[in-house]
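> Sharing a model that was predicted from the sequence below.
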Amino acid sequence: MKGICGINNCKSCNNKCLNHFFKPEEIEVFENGETKQIKYKKGETIVKQGTFASHILFLIEGLVKIVIESSDSRVAILQLASSGSFICLSALYIDDYFPFTVVALKDCDVCLIKRDVFKQQSLKNLKATEFVLHFYSNECQYLYKRMSVLGTRNNHGKLAETLLYLSKEEFRNEKVSKFLTRNDIAELASISLESANKILNELKNDLIISIKRWVLKIHFFHFPISQIRTRLNLC
């Protein structure tokens, strides 16, 4: 961890993570040491699975991977989160422990907000409550789709869905492939590294992707949609 930037002044903060739904007088509650801004270096663990969930996190700047660790030390990347994202809201009402590990894929600037304070204030504020419900709905939708992919697709289909996921605008803006190893891509697709390497080479030979200087590019625009879906085994 590089260092603590200090206690935030939420009213004058340019990040506006709380200003989206809390009124100025409500934000005063967060002014008394309830938030803190911290910088993390690439590769550092921001949250460890199983530790006490005392804070929720807002990713001011950076890119992280959210990881599930099993009891036998196996690892699966659940999803990625980019700048401007709330992290750990899933631990707001359910558990007193973080259900996953969060690791910085590049240098990150994170705002820590005390969980109990955010919870109390959100219960009094309709916009904040709607935001949390919307967050949970999106998470459920994503997890349902991910479970369907893992349960019904072969390795080609799993990796194809992963590449489509990485092609989302928020990740393209972050140039996410620069910060992911092939092992990260395999863990995100829930397949072995050997299978991921084999399929990536096939897609590279088919000109669907290119890999140059550790940057992976997806060239969907070269093919009609029907052909892309056939080549990626998504039909």
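Now that the structure is in, tell me what you want to look at.

> what bits of the protein have low per-residue confidence?
Along the chain, segments meeting pLDDT under 70 span 1-9, 11-12, 14-16, 32-33, 213-215, 220-235.

> Identify each buried residue in the strand or helix carrying residue 171, please.
If you go by DSSP states H and E, residue 171 is part of helix 169-173. In terms of neighbour count (16 or more other C-beta atoms under 10 Å), helix 169-173 has its buried residues at residue 171. To be clear about C-beta, it is placed using only N, CA and C from the backbone, and glycine gets the same treatment.

> That helix packs against which elements?
Applying 3 or more C-beta pairs under 8 Å, 6 or more residues apart in numbering; DSSP states H and E, we find helix 169-173 packed against strand 75-82.

> How far does the strand it packs on sit from its chain's centre?
Centroid separation for strand 75-82 versus its chain: 5 Å, with C-alpha atoms, centre = their mean, to the nearest Å.

> same thing with stretch 172-187?
12 Å.

> hang on, the earlier thing: next structured bit after the helix holding residue 171?
Immediately after helix 169-173, counting by DSSP H and E, sits helix 182-189.

> continuing past that following helix, what's the next helix or strand?
Immediately after helix 182-189, counting by DSSP H and E, sits helix 193-205.

> Which residues outside that following helix are in contact with it?
155-156, 159, 163, 182-183, 185-186, 189, 209-211, 216, 231-232 (C-beta atoms under 8 Å, 6 or more residues apart in numbering).

> Emit the ChimeraX select command for whichever of these are buried.
To isolate the buried members of the contacts of helix 193-205 in ChimeraX, using 16+ other C-beta under 10 Å:
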select :155,156,159,163,185,186,189,209,216,231,232
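
> Am I right that residue 85 is in contact with residue 61?
No. Counting by C-beta atoms under 8 Å, residue 85 stays clear of residue 61, with 10.7 Å between them.

> More neighbours: which of these two?
Applying other C-beta atoms under 10 Å to residue 85 and residue 61 shows that residue 85 carries more neighbours, namely 18 against 14.

> How about the residue in this protein that sits furthest from its center?
Computed with C-alpha atoms, centre = their mean, the residue of the chain farthest from its C-alpha average is residue 25, at 30.9 Å.

> where's the helix or strand where that residue lies relative to the chain centroid, distance-wise?
Following DSSP H and E, one finds residue 25 within helix 24-27. Distance of helix 24-27 from its chain centroid, counting by C-alpha atoms, centre = their mean, is 28 Å.

> Buried residues in that helix, which are they?
26, 27.

> Over to stretch 145-163?
Applying 16+ other C-beta under 10 Å to stretch 145-163 flags 146, 149, 153, 155, 156, 157, 158, 159, 160, 161, 162, 163 as buried.

> Can you add distance to residue 29 and secondary structure and give the residues you listed back as a markdown table?
Below are those laid out as a markdown table (distance: C-beta to C-beta, whole Å; DSSP: H, G, I helix; E, B strand; the rest coil):
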| residue | distance to residue 29 | secondary structure |
| --- | --- | --- |
| 146 | 36 | helix |
| 149 | 41 | helix |
| 153 | 46 | coil |
| 155 | 49 | helix |
| 156 | 51 | helix |
| 157 | 47 | helix |
| 158 | 44 | helix |
| 159 | 46 | helix |
| 160 | 46 | helix |
| 161 | 42 | helix |
| 162 | 41 | helix |
| 163 | 43 | helix |
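
> Alright, calling it a day.
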